[in-house]
Every structure is written in structure tokens, then in C-alpha cells.
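>>> Provide a 3D model corresponding to the input given below.
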Amino acid sequence: MTMLRHLATPLTGRRRRPTSGGAGTASTGERPHVIYLAIGFPPAAKSCAYRMRETANQFCRLGWDVTVVTICQEAWEREFGLDHTLSDGVDPRVKVVELPLVREDLETDIRKFSEARTLNPRGWVTELHQRNQRSFPEAVFGGWRMPLEEGLLRVHREHPADLLLTTCAPYVNLAATWRLWEEHRVPYAVDFRDGWSVDVIGGGEAFTRDSEAGQWEARVLAEALAIWCVNDPIAGFYRERYPELADRVQVVRNGFDEESIPERIGPPDPGRGLTFGYLGSVNFPPAFLDSVLTGWRLARQQSELLARSRFEVRGHIGAGAAREANRHMDLLKAAAPDGVTFGGPVPKATLAETYRSWDALVLMLVGGRYVTSGKVYEFMATGLPVVSAHNVDHDASKVLVGHPLWTGAVGLAPRQLANSFLEAARLAVDSTEQDREAARAFAARFTRSGQLVPAVRHLADLVRPDGAGAQSGQATDRRVLAGDARS
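Residues are numbered from 1 along each chain as shown. Predicted structure coming up:
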């Protein structure tokens, strides 16, 4: 794989970055430039790609030049795969720079394995994680620190940035963010999404402030223009952890893309049975999935309607060599006699069609009060009944309160879930078009653009209070592989 070329000697000393003109700034001052460090940008088949795409597009609409820095497509082929329909919605003015970075641990070609990895796979992974953490305190991605730093510096030198927006994870992105700040004083904001020092799954603190990770987080956040989080509990955690930064912590929710929601879904035909659907990554423990499938089976035993109904699971299961080859798949296959099927991932372009084929939705989520999940907004917006399969004390519950077709949060006990399936079936059959329209109206305030427009505009105003700059014409192919080519 082509490596990044060595960069020139960095600037020395510290200086305040001027607002216009001068070395290290946009050449004309007419069109501001944002570098968006967004690993997971389309066509990566990841849920974060939706947020990243809309963020880049919004900067374009404000008249900014936008350069996205991400990793090569081969990396996503190793992990969850690619969805090129995601790229169709990227503003053609966005330039995408792909760094030649991949996860070594997801390599599946055993001909490329070292002798050490072949003889002791677990030991090799342990050693890899230890080596990565010598660069940055992140076991899987810490080793990417130097290539990310050099890639970001090169992009800035070729087209000086007025703003850097960094989205995490991986958190090693913060090291590159800090390097650009230290050497060129480029103002930056951090889109933390789920946060770093907060344990969103277990709850509470993930690491202490005096740990190496804690020191990195505090150092980078101290100079950030803004800190974005996806929900109020995570934002509250960071305001309490860093009270001096409280006014910079903002809630920027994920929301849903309007083109992914069908305009209208007709009433079901009870005679043919109902189709329940789950869409999203199957990233919860096998025991979690087993509870949901058991609840579904119990519900079928209590209802003739559900006995002739289906439960379709769509999305990504596992990554790398474990993709669709793990305990989750075993459970789904074993549930086939109960009308359970697995249909694989859904391309972004066909989401509306998929939702139109379903009569009710099953929201399976891990975690608790710090987790919302982007899917909750999309599920609400369909106007279909929603079964909650997650902890009662979950942030998704707070978002769903008031939704007229929600069955409520009852926890993960199979018998309680069975009751939720039964209630969702009743709602699917009995709800009117007015009920479904009320559900869609309830979710309307959570459009993705509605969440991101004010946040992006706020950042733009912080950096360029004189205005965003003139609009530009359309560019064509602006995706380059760093180290291999340049635009």
C-alpha cells in the first residue's frame, strides 16, 4: 500500500492565527475553507455516514470550500462494507481525501499473515493493541496517529483551512486536530457524538481525568470552539466534567433523512399477517437478541395474527471475518420456524422502500441513559408502531415519550416484550391514517437538516462573522487517495 510522503519541517513556535490573509490562511479570503476529519464518510456503510454527509453538505450550502479527510474504501470493505448510494447524496463540491489506512486485525487473507500471527492469533492482536497505544491511548486505532497528522498537515498546506471540524470516533483524530492547532493555529470544533470519557453503554466515567486519555481529552477540548454531543445526558456529563467549557457544549442530535422515509404507508392486510422489521447494526450481545426472539415466539403463541406474521432483521452483523458468521446468525437461523428472517444490509437508496414493506418496527438498542441511537428518529418518522427492546432507563425512551404509536419501554424480559409485540400488532391493525399522520408529525422536528443547519451555521459564524463567502460552481470528481494522487 502506498505510504504517505514525508512532510516538510513543521512551523516552530506559537502564533495567533489571523482571521484573513497572511501565511496559513485562505488565499483570497472570499471563500472560507473547512477541513472535515470524518472517518466513516460515504461510501462507508456506517450509520455515522449520514451525519457526516449532511454536515459537509451544509458547509457547502453556506458557501464554504469543504475537504473531507477519511480513510480508503478498502478499509470499509474489510469492516462493514460499502454503500455507494450514500455517495449519491454528497454535494459534488465536496473534495474527499482518502488516507491509505486500514485495520490490520481485520485482514482475512491468511497469506498476508506473519508467522507470529499465524502461530498465536490472540497474542498477535494483544501485541498490536499494545503497540498502537504507545502512539495514542486507543487500542485499535492509536497506530494511525502519525499518518493522520501528516495527512491533515498536507491538506492544510495545499489549501489552508479557516476551520477544522473533527468527528469522533476514532479518538486518535484528536491527536491530528491538536497537531494542526499547535503548528498552524487552525480553529477547530469537535463532534464527539457519543463522547469519549463517558461510558455510554455501562454508564458513568470511562477513564479518569488524570489518565493519559483523560489528559488528551482535556487538552484538546480546552481550545475547541464547540463540542457537539448527540443527546442531553452526554452533554450534561461533559458540562459537569468540564464546567469551564459548559457554554461550548452543544446538543446536536442525529435526526432522520427525509428522503429515507416513505411519504405514506398504507394499512396492513391482517389476513396475510404482519411484517415486523428491525433495521440497524446487530451490535448487542447474543443474549440480548435471544431475549427479543423469545419474546417474539411467546407473542406468536398468544395471537393467531402474529402466528402468521414475520419478523425481518436487516442490517450489519459482525465485521471482518466474523461478518454474518457468529452467534447472532446462529440464533436468527434457529428462529426461522418462528417466521424470523435475515435480509442483510439495506442500501441508503432503498430505505424508504424497505420501510414501506413493514407494518411495525422493533427498536433494539444497547445501553441506557447515555444512548439515543439515530434510528429512533427514523423509526418515529415512518408513522409505524414501534416496539422498544431496550432498558427502561434509556434516552430513546425520552425521545419516544408522546409518540402515539409507541408501545412503551418494558425492559428486556421476554414476557414483557411479548406483550409489546401484541400491542404493536393491535396498533398496526387499528390505527387510522390520522393516527399515522400524528406519529409522523410528532417526529417532524427531528429532521437531520433541522438538527445540523443551526449547528453548522453557528460554527461558521464563530470563524467568519463577516459572512460565509460567495457560492461556487459545481466540481466533478474530487475524491483522491492521499499519497497516490492529488487534485
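
>>> Could I get the full set of strands for the stretch 351-487 of the chain?
For the stretch 351-487 of the chain, the strands defined by DSSP state E, counting those that start in this stretch cover 360-364, 386-389, 406-409, 479-481.

>>> Which one, of the ones you listed, ends up nearest to Leu99?
Checking those against Leu99 by CB to CB gives strand 479-481 as the closest, at 8.1 Å. Where C-beta positions appear, they are placed from N, C-alpha and C, glycine not excepted.

>>> avg pLDDT for that closest one?
On average, the pLDDT along strand 479-481 is 54.

>>> Tabulate the strands of the stretch 351-487 of the chain (JSON lines), appending mean neighbour count and distance to Glu115.
Putting the strands of the stretch 351-487 of the chain into JSON lines (neighbours: other CB atoms under 10 Å; distance: least, CB to CB, whole Å) gives the following:
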{"stretch": "strand 360-364", "mean neighbour count": "26", "distance to Glu115": "41"}
{"stretch": "strand 386-389", "mean neighbour count": "26", "distance to Glu115": "45"}
{"stretch": "strand 406-409", "mean neighbour count": "22", "distance to Glu115": "51"}
{"stretch": "strand 479-481", "mean neighbour count": "16", "distance to Glu115": "30"}
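
>>> Which of these sits closest to Val94?
Between Val94 and those, the tightest spacing by CB to CB is seen for strand 479-481, at 9.0 Å.

>>> quick one: low-confidence ranges for the stretch 1-150 of the chain?
For the stretch 1-150 of the chain, residues meeting the criterion pLDDT under 70 lie at 1-29.

>>> switch the cut-off to 90
Scanning the stretch 1-150 of the chain with the threshold set as pLDDT under 90 gives 1-30, 47, 78-81, 108.

>>> Spell out the residue ranges of the strands in it.
33-37, 65-71, 95-99.

>>> Next, format the ones you listed as a markdown table and append distance to Leu293.
As requested, the strands of the stretch 1-150 of the chain are arranged in a markdown table below (distance: least, CB to CB, whole Å):
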| stretch | distance to Leu293 |
| --- | --- |
| strand 33-37 | 39 |
| strand 65-71 | 35 |
| strand 95-99 | 39 |
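
>>> Which of those sits closest to Pro404?
With CB to CB as the yardstick, what comes closest out of the strands of the stretch 1-150 of the chain is strand 33-37 (37.8 Å).

>>> packing partners for that closest one?
helix 48-61, strand 65-71, helix 145-158, strand 163-167, helix 173-184 (3 or more CB pairs under 8 Å, 6 or more residues apart in numbering; DSSP states H and E).

>>> nearest to Leu452, of these?
Closest to Leu452 of the helices and strands packed on strand 33-37 is helix 48-61 (CB to CB; 5.2 Å).

>>> Okay, buried residues for that closest one please.
Under the neighbour-count criterion of 16 or more other CB atoms under 10 Å, helix 48-61 has 48-60 buried.

>>> just curious, which of the residues you listed is nearest to Ala413?
Minimum distance to Ala413 across the buried residues of helix 48-61 is 31.3 Å, recorded for Cys48 (CB to CB).

>>> Can you give me every residue that contacts Ala49?
Contact partners of Ala49, counting by CB atoms under 8 Å, 6 or more residues apart in numbering, are 40-43, 83, 86.

>>> picking that back up, columns mean neighbour count on top of the strands of the stretch 1-150 of the chain, output as JSON lines?
Formatted as JSON lines, those follow (neighbours: other CB atoms under 10 Å):
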{"stretch": "strand 33-37", "mean neighbour count": "26"}
{"stretch": "strand 65-71", "mean neighbour count": "25"}
{"stretch": "strand 95-99", "mean neighbour count": "23"}
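
>>> shaky segments in the stretch 151-300 of the chain?
For the stretch 151-300 of the chain, the stretches with pLDDT under 90 are 201-204, 263-267, 281-284.

>>> What about Tyr188, how many residues nearby?
25 (other CB atoms under 10 Å).

>>> residue contacts, the nearest residue to Tyr50 once chain neighbours are set aside?
The spatial neighbour of Tyr50 that comes closest, neighbours along the chain excluded (CB to CB, 6 or more residues apart in numbering), is Asp257 at 6.1 Å. Contacts for Asp257 were tallied using CB under 8 Å, 6+ apart; they are 50, 54, 378, 447-448.

>>> roughly how far apart are Asp257 and Leu221?
When distance is defined by CB to CB, to the nearest Å, Asp257 is 29 Å away from Leu221.

>>> Residues contacting stretch 103-120, please?
75, 78-79, 123-125, 127-128, 140-141, 319-321.

>>> and stretch 113-128, how far from the chain's centre?
30 Å (CA atoms, centre = their mean, to the nearest Å).

>>> Can you measure across it, start residue to end residue?
Distance across stretch 113-128, first residue to last, is 13 Å (CA to CA, to the nearest Å).

>>> rewinding a little: of the contacts of Ala49, buried ones?
40-43, 83, 86.

>>> re earlier: what's the most distant pair in the contacts of stretch 103-120?
The largest separation in the contacts of stretch 103-120, counting by CB to CB, is between Ala75 and Gly123 at 24.0 Å.

>>> So for these two, which residue has more residues nearby?
When Ala75 and Gly123 are compared on other CB under 10 Å, the one with more neighbours turns out to be Ala75, at 19 against 11.

>>> contacting residues for the more buried one?
Residues counted as contacts of Ala75 (CB under 8 Å, 6+ apart) are 101-103.

>>> Relative to Ala176, which of those is nearest.
Closest to Ala176 out of the contacts of Ala75 is Leu101 (11.6 Å), distances taken as CB to CB.

>>> Grab the nearest non-local neighbour of that closest one.
Ile71 (4.4 Å).

>>> Do I have it right that that neighbour meets Glu98?
Yes: contact between Ile71 and Glu98 holds when scored by CB atoms under 8 Å: they sit 6.3 Å apart.

>>> what's across from Gly277 in the sheet?
When bridges are assigned using DSSP bridges, the partners listed for Gly277 are Glu312, Leu361.

>>> Cys102 contacts Cys72, doesn't it?
Heads up, residue 102 is Val, not Cys. Yes: shown here, Val102 and Cys72 form a contact pair, counting by CB under 8 Å, at 6.8 Å.
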